[in-house]
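Colleague: Provided below are the primary sequence and the corresponding predicted coordinates.
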Amino acid sequence: MTSNGATLVVPDIHNNFTAAEERIAEVRERFPGRISQIVFLGDYFDDYGDTPEMTRQTAEWLQHSVEQSDRVHLVGNHDLAYLAPSPFTWCSGFEDAKFAIASPILDAMPRERFRAALEVDGWLLSHAGFHQRHAAGRAPAELIALADSALRQLWEGAQPELFAAGYARGGSAPSGGITWCDWIKEFQPTSGIHQIVGHTPARTIRLFALEYETGRRFRRSYEVNVAYNETFPRGKFPSFNVCLDTGMRAVALIENGAIVIL
C-alpha cells in the first residue's frame with residue numbers, strides 16, 4: 001500500500017498512552033498537514049509495577065483510539081493475552097485482576113479493527129517481525145495475507161504458528177512469530193523485505209541490513225545503532241529493517257519510501 005501522505009509509526013506503548021499522544025501532537029505540529037495515518041506497532045498493555053486501574057485506563061484509551069479512522073492498530077504479544085486470553089497467548093505481565101477490569105471494555109471493541117501486519121510504501125510493519133522461516137520466498141502482500149488469516153484463526157481459538165513464541169522467548173516453536181520474534185536472538189534480514197518492528201527494547205534505534213558485493217552475491221549482515229532525525233531510504237539495502245522499541249523515546253515517519261527517525 002502506498003500512503004497518500006506521511007505515515008507516523010508509534011512503537012510499544014506499555015500503558016504510556018499519554019506520551020504517545022504527546023508525540024503524535026508534536027509530530028503533527030512539526031509536519032502540519034502531512035500525516036495521513038498513524039500506525040501503532042502493538043503492546044499497549046503491561047509494564048513493570050502497573051495496576052488493574054492503569055490497565056483499565058489503557059483499555060479506555062485504546063477503545064477511543066481504534067475508533068479513529070486515520071489510525072491502524074497492530075497487535076503485540078502483550079495485547080493478545082488480553083484480547084484473546086488462553087495458554088497459547090499468555091504473556092508475562094498478564095494478571096487475572098487486570099484482565100477482569102479491562103475485559104468489559106475490550107470485549108466491546110470490534111476485532112476487525114486490529115491488524116497483524118501492514119505494508120506502507122514498501123515497508124512491512126508488524127509487532128516483532130517476520131522471521132526468515134516465514135518470510136523467505138514470499139512477497140510482502142503474501143505475508144500480510146498470511147498474517148491476516150492467522151489472526152482470524154487466533155480470534156476463533158486456534159493456535160497458528162505465526163503467533164507462537166519461539167525458543168528465544170521461552171516458547172516451543174522453532175522461531176518466534178510476528179508478535180514474538182526476538183530482534184537480537186532470532187531476527188535476520190530477508191532479501192527483498194524491509195521491516196519496521198518494536199517488541200525488543202533498547203535505548204537506541206537499531207538498524208539491521210543486508211549488503212551485496214558486485215554481482216549481487218551475498219556479503220554480510222550487520223547491525224548498527226542510528227541517531228534520531230536521520231533519514232534512511234528504503235532502497236539503501238536489499239533488506240533494511242528497523243527496531244523502534246525505545247520506551248517511547250522515538251517514533252518514525254514514513255514518506256516517499258524513506259523512513260525518518262524522530
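Modeller: Sure, I can see it. Since this is a predicted model, take the numbers as computed values, not measurements.

Colleague: what's the average pLDDT for stretch 150-165?
Modeller: Average pLDDT, stretch 150-165: 97.

Colleague: whoops, I mixed them up, stretch 172-189
Modeller: Average pLDDT, stretch 172-189: 94.

Colleague: Distance from the chain centre to it, please.
Modeller: Distance of stretch 172-189 from the chain centroid (Cα atoms, centre = their mean, to the nearest Å) equals 13 Å.

Colleague: Same check on stretch 9-23?
Modeller: Distance, stretch centre to chain centre, for stretch 9-23: 13 Å (Cα atoms, centre = their mean).

Colleague: Which positions in it come out as buried?
Modeller: By neighbour count with 16 or more other Cβ atoms under 10 Å, stretch 9-23 contains the buried residues 9, 10, 11, 12, 13, 14, 15, 16, 17, 20, 23. The way it works is simple: take the backbone N, C-alpha and C, and place the C-beta from them, glycine included.

Colleague: Nearest residue to the first one in space, please, no chain neighbours.
Modeller: The one in question is residue 9. residue 252 (4.4 Å; Cβ to Cβ, 6 or more residues apart in numbering).

Colleague: Would you list the phi and psi of that neighbour?
Modeller: Note on residue 252: backbone dihedrals following degrees, to the nearest 10 are phi -140, psi 150.

Colleague: got a list of what it touches?
Modeller: Residue 252 sits next to 8, 9, 196, 242, 244, 259, 260, 261, 262 when contact means Cβ atoms under 8 Å, 6 or more residues apart in numbering.

Colleague: can you pick the most crowded of those?
Modeller: Of all the contacts of residue 252, residue 9 has the most neighbours under the rule other Cβ atoms under 10 Å, reaching 28 neighbours.

Colleague: Now do the SS call for it.
Modeller: strand (DSSP: H, G, I helix; E, B strand; the rest coil).

Colleague: Over to residue 26?
Modeller: Classified using three-state DSSP, residue 26 is helix.

Colleague: what's the distance between it and residue 158?
Modeller: Between residue 26 and residue 158 the computed distance is 40 Å (Cβ to Cβ, to the nearest Å).

Colleague: Isn't residue 41 up against residue 12?
Modeller: Yes: counting by Cβ atoms under 8 Å, residue 12 is a contact partner of residue 41 at 6.4 Å.

Colleague: between those two, what contacts are shared?
Modeller: Shared contacts of residue 41 and residue 12, counting by Cβ under 8 Å, 6+ apart, come down to 76, 198, 199, 245.

Colleague: Closest one of these to residue 37?
Modeller: residue 198 (17.2 Å; Cβ to Cβ).

Colleague: show me the contacts for that closest one.
Modeller: 11, 12, 41, 42, 43, 76, 127, 128, 243, 244, 245.

Colleague: Identify the farthest-apart pair in the contacts of residue 252.
Modeller: Using Cβ to Cβ, the contacts of residue 252 reach their maximum pairwise distance at 8 and 242, which is 14.1 Å.

Colleague: Using TSV, please lay out the contacts of residue 198 together with distance to residue 167 and secondary structure.
Modeller: Converted to TSV, the contacts of residue 198 look like this (distance: Cβ to Cβ, whole Å; DSSP: H, G, I helix; E, B strand; the rest coil):
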residue	distance to residue 167	secondary structure
11	24	coil
12	22	coil
41	23	coil
42	22	coil
43	21	coil
76	19	coil
127	18	coil
128	14	coil
243	20	strand
244	24	coil
245	20	coil
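
Colleague: any weak-confidence spans in the chain?
Modeller: Confidence mapping of the chain against pLDDT under 70 gives the ranges 1-3, 212-224.

Colleague: what comes up buried for stretch 104-118?
Modeller: Buried positions in stretch 104-118, judged by neighbour count with 16+ other Cβ under 10 Å: 105, 106, 109, 114, 115, 116, 117, 118.

Colleague: Closest one of these to residue 189?
Modeller: So of those, ranked by how close each gets to residue 189 (Cβ to Cβ), first place is residue 117, at 16.7 Å.
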